[in-house]
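Q: the following comprises the amino acid sequence and a computationally predicted model.
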Amino acid sequence: MRTAFPMTITACAWTLLIGSSMWAQQAEPQSAALDRVTYDIKYLASDELGGRKPGTDGIEVAAKFIEDRYKQIGLQTLDNGTYRQEFEVRQGLTVDGEQTTLKLVNSDANEMTMELELNKDYLPQAKRSGFEFDTDLVFVGYGINAEKDLNYNEYHGLDVEGKIVVMIRREPQQDNPESVFDGKEVSSHSYIQSKVLAARNAGAIGLIMVNDGFSAPTDDKDVLEDTNRFGSTFPFIQLKRRVLDELLAKSPLTDADGSKFKQLADIEKRIDETLSPVSQKFEGWKVVGSSKAKEQLSRTSNIIGIMEGEGPLADETIVIGGHYDHLGMGGAGSRTDRREIHNGADDNATGTAAVLELARRFAAREKKPARRLLFVCFSAEEMGLLGAFHYVKEPIIDLNKTAAMVNFDMIGWLRDNKVTIFNATSAEEFDALLDRANIDMGLDVEKSGGFGGSDHLPFFQNSIPVMFVHTGLTSTYHTPEDDFETIDCAGALKVIDFSEKVLDELVAMEKRPTFQGTGAARRTRLVRLGISMEDEVENGVEISRILEGSIAEKAGFKVGDVITEVGVEKTDKRREVNRLIRANNGKSVMIKFRRGEDQMETMVELKQDDDEDNNG
């Protein structure tokens, strides 16, 4: 379901818009707090914000929303007079239009030339620094080599050495339940990496791809995808179907029976009917072009508000944080291949709402806290904890004066009254502290020695005690279904109530908590992902089997996914994947992979409970 934020201001909205002074005057009913938290989660997870991806208008709307809340609450700004700590993030490569050209030239027809327009007629992929070529053009149907399993090879007997191949996206007989290509299911032969590998193995130096007629039956559906969509370092250009139709009208291809193909749809129909290749050279035609890529950068901000302390411990700081960014329209990081708004209600509108509500509560008190409180809504967490890493690199408050960090990430699914506190062993005082905070709450508090991959990690790496408050991964994690309607707002409020008591304990401690490193954390046994891997494919290793109940299954991997990077190391060897998994045993590690045509990534926790067995 999608969440549209209502334009009318409800009664609970008015309570949120009133300043904190009223809250300081009298005790509030719990319903008022629930109204505020519900409102914040619903707004942050609405379609209006477009998934809050750094570099988009949506995250800017979210940032302004948080700033307005800080101002209403009365938090102090930074030295720059704003609540923003700006930093730059890399959005990947993009095509440099000033250095990119493409034309089709026929020297046999009085230098007939088709000059093509970037973004209108064609678009190169930008996963490489660039390419330049002037060579022959060869049509290879769908670009499939399935000689071994289907006796179907569109490169058979064809010379493409040093040439550019033109191919159709996906595979034949897509709407045929009896198709040898897995019926109506998408087979591995349609994967971009399979097509690229076949072209490379045949000796081609690049490929041009057009959308298939089944997926793009009309010109308005014939979309040139984002320049990083297919993730290939092989020279790769996407071309509009109408351009190829124009070429076919000038120089038709010929079937074995002498029939002329003047439209791409006719070729697709013939292949569907006969399952016979029509691969051949475009006689007399060359493709002449070059492309350069450049780094695409954008600016984003951590949103930080300060509440000064009072008394002898006022110069010590407790950071209260949660990230407010998410995945936008999906792509990298999504567990699906659907280009839809990923609203990130649980991940992490809930955590952002917790930061705002805790700021309201402490600001409403008559007495200032004994320690300084720093409320931080981090950006670019989904891109690799970039906001948190930027903060510890350029801290607002000296890290040596930072006593603890409490992080909220995904607190919207309170199930069986259970909340997990990751890194509960990072300070020797935390165990008893959490017990005291829970005396009147009745929560099932799991005190985990594990890490969890979120914004607390850079603080822990700087020897700062941390707690990561979390209600567990869900079936909607990193999918378009992570919407407001799935959230248990009352449960999130209960987690916030508990967390307020935790913070009260932290603020009141006579001495700052004593940091404990990994040596004090629970020992973890050697674990494996629980997968089998096929021979290496282009720039990665393909998963051929996933054990039931394994770490890989729980992380959302699927057979056919191609692992390309573990941690910060790229890999295309099975032994390297295994080495990197062993090297990160007991930790959380980012694994990047390809699924079909999409580049994806997920944070995987390489640990298991004592009663689990994961020897796959």
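A: Yes, it's here.
Q: what ranges of this structure fall below the confidence cut-off?
A: By pLDDT under 70, the weakly predicted segments of the chain are 1-29, 109-111, 127-129, 231, 451, 518-527, 534-537, 607-616.
Q: report the central residue of it.
A: residue 333 (2.3 Å; C-alpha atoms, centre = their mean).
Q: in this structure that residue contacts residue 382, no?
A: Yes. Residue 333 is within contact range of residue 382, at 5.5 Å (criterion: C-beta atoms under 8 Å). Every C-beta, even on glycine, is put in place using the N, C-alpha and C of the backbone.
Q: helix/strand/coil for the residue nearest to the centre of the chain?
A: coil (DSSP: H, G, I helix; E, B strand; the rest coil).
Q: what residues are up against it?
A: Residues counted as contacts of residue 333 (C-beta atoms under 8 Å, 6 or more residues apart in numbering) are 327, 382, 478, 600, 601, 602.
Q: ok, those vs residue 140, which is closest?
A: residue 600 (27.5 Å; C-beta to C-beta).
Q: so that closest one is in which element?
A: strand 598-605 (DSSP states H and E).
Q: who are the packing partners of that strand?
A: The elements that strand 598-605 packs onto, with contact taken as 3 or more C-beta pairs under 8 Å, 6 or more residues apart in numbering; DSSP states H and E, are helix 551-554, strand 588-595.
Q: quick one: closest of the ones you listed to residue 466.
A: Using C-beta to C-beta, the helices and strands packed on strand 598-605 put strand 588-595 closest to residue 466, at 13.0 Å.
Q: direction included, what does that closest one pair against?
A: strand 562-566 (antiparallel), strand 598-605 (antiparallel) (DSSP bridges).
Q: endpoints of stretch 364-381, how far apart?
A: 29 Å (C-alpha to C-alpha, to the nearest Å).
Q: re earlier: distance to residue 339 and mean neighbour count added to the helices and strands packed on strand 598-605, as a markdown table?
A: Output for the helices and strands packed on strand 598-605, formatted as a markdown table (distance: least, C-beta to C-beta, whole Å; neighbours: other C-beta atoms under 10 Å):
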| stretch | distance to residue 339 | mean neighbour count |
| --- | --- | --- |
| helix 551-554 | 25 | 20 |
| strand 588-595 | 13 | 21 |
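Q: how about a markdown table for these, with distance to residue 485 added?
A: Formatted as a markdown table, the helices and strands packed on strand 598-605 follow (distance: least, C-beta to C-beta, whole Å):
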| stretch | distance to residue 485 |
| --- | --- |
| helix 551-554 | 24 |
| strand 588-595 | 26 |
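Q: related to what we said a few turns ago, out of the strands paired with strand 588-595, deepest packed?
A: Mean neighbours per residue, mean count of other C-beta atoms under 10 Å, is largest over those for strand 562-566, with a mean of 23.
Q: list the contacts of that one.
A: 193, 533, 537, 539-543, 570-572, 576-577, 580-581, 584, 589-595, 601.
Q: right, and the helix or strand after that strand?
A: Next element after strand 562-566 (DSSP H and E): strand 569-570.
Q: buried stuff in whichever helix or strand comes after that following strand?
A: Using DSSP H and E, the helix or strand that follows strand 569-570 in sequence is helix 574-583. Buried residues in helix 574-583, counted by 16 or more other C-beta atoms under 10 Å: 574, 576, 577, 578, 580, 581.
Q: check stretch 467-481 too.
A: Residues of stretch 467-481 classed as buried: 467-474, 476-481 (neighbour count, 16+ other C-beta under 10 Å).
Q: hey, C-alpha coordinates of it in PDB?
A: Extracted in PDB, the C-alpha atoms of stretch 467-481 (Å, rounded to 0.1, in the frame of the first residue of the first chain):
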ATOM      1  CA  MET A 467      23.300   0.900  22.200                       C
ATOM      2  CA  PHE A 468      21.300   0.100  19.100                       C
ATOM      3  CA  VAL A 469      17.600  -0.100  19.800                       C
ATOM      4  CA  HIS A 470      15.800  -2.400  17.300                       C
ATOM      5  CA  THR A 471      12.600  -4.500  17.100                       C
ATOM      6  CA  GLY A 472      13.900  -6.800  14.400                       C
ATOM      7  CA  LEU A 473      14.000  -7.300  10.700                       C
ATOM      8  CA  THR A 474      10.700  -7.800   8.900                       C
ATOM      9  CA  SER A 475       9.300  -9.200   5.700                       C
ATOM     10  CA  THR A 476       8.900  -5.600   4.400                       C
ATOM     11  CA  TYR A 477      12.500  -4.700   5.000                       C
ATOM     12  CA  HIS A 478      13.900  -2.800   2.000                       C
ATOM     13  CA  THR A 479      10.800  -3.300  -0.100                       C
ATOM     14  CA  PRO A 480       8.000  -1.000  -1.300                       C
ATOM     15  CA  GLU A 481       5.800  -2.600   1.300                       C
END
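Q: chain center to it, what's the gap?
A: 13 Å (C-alpha atoms, centre = their mean, to the nearest Å).
Q: if we can go back for a sec, for residue 311, find the nearest of the strands paired with strand 588-595.
A: Using C-beta to C-beta, the strands paired with strand 588-595 put strand 598-605 closest to residue 311, at 38.9 Å.
Q: what are the contacting residues of the host helix or strand of residue 238?
A: Assigned by DSSP H and E, residue 238 belongs to strand 236-239. With C-beta under 8 Å, 6+ apart as the test, strand 236-239 has contacts from 102, 116, 121-125, 127, 166, 196, 206-211, 224-225, 230, 289, 291.
Q: next one: the closest residue to residue 445 other than its chain neighbours from residue 494, what distance?
A: Leaving out its chain neighbours, the residue that sits closest to residue 445 by C-beta to C-beta, 6 or more residues apart in numbering is residue 438, at 5.3 Å. Remark: distance between residue 438 and residue 494 (C-beta to C-beta, to the nearest Å) = 11 Å.
Q: neighbour count winner among these two?
A: In terms of neighbours (other C-beta atoms under 10 Å), residue 494 is the more surrounded of residue 438 and residue 494; the figures are 21 against 16.
Q: ramachandran angles for the more buried one?
A: Torsion angles at residue 494 (phi, psi; degrees, to the nearest 10) stand at phi -60, psi -40.
Q: and if you look at residue 422?
A: Dihedral angles for residue 422 - degrees, to the nearest 10 - are phi -70, psi 150.
Q: what does residue 492 give?
A: phi -60, psi -40.
Q: check contacts around it.
A: 37, 41, 350, 353, 354, 411, 412, 414, 471.
Q: report how many residues lie close to residue 226.
A: 15.
Q: tell me how many other residues surround the residue nearest to it when sequence neighbours are not counted.
A: Of all residues beyond its chain neighbours, the one nearest residue 226 is residue 331 (7.6 Å), with distances taken as C-beta to C-beta, 6+ apart. Number of residues near residue 331 (other C-beta under 10 Å) recorded here: 19.
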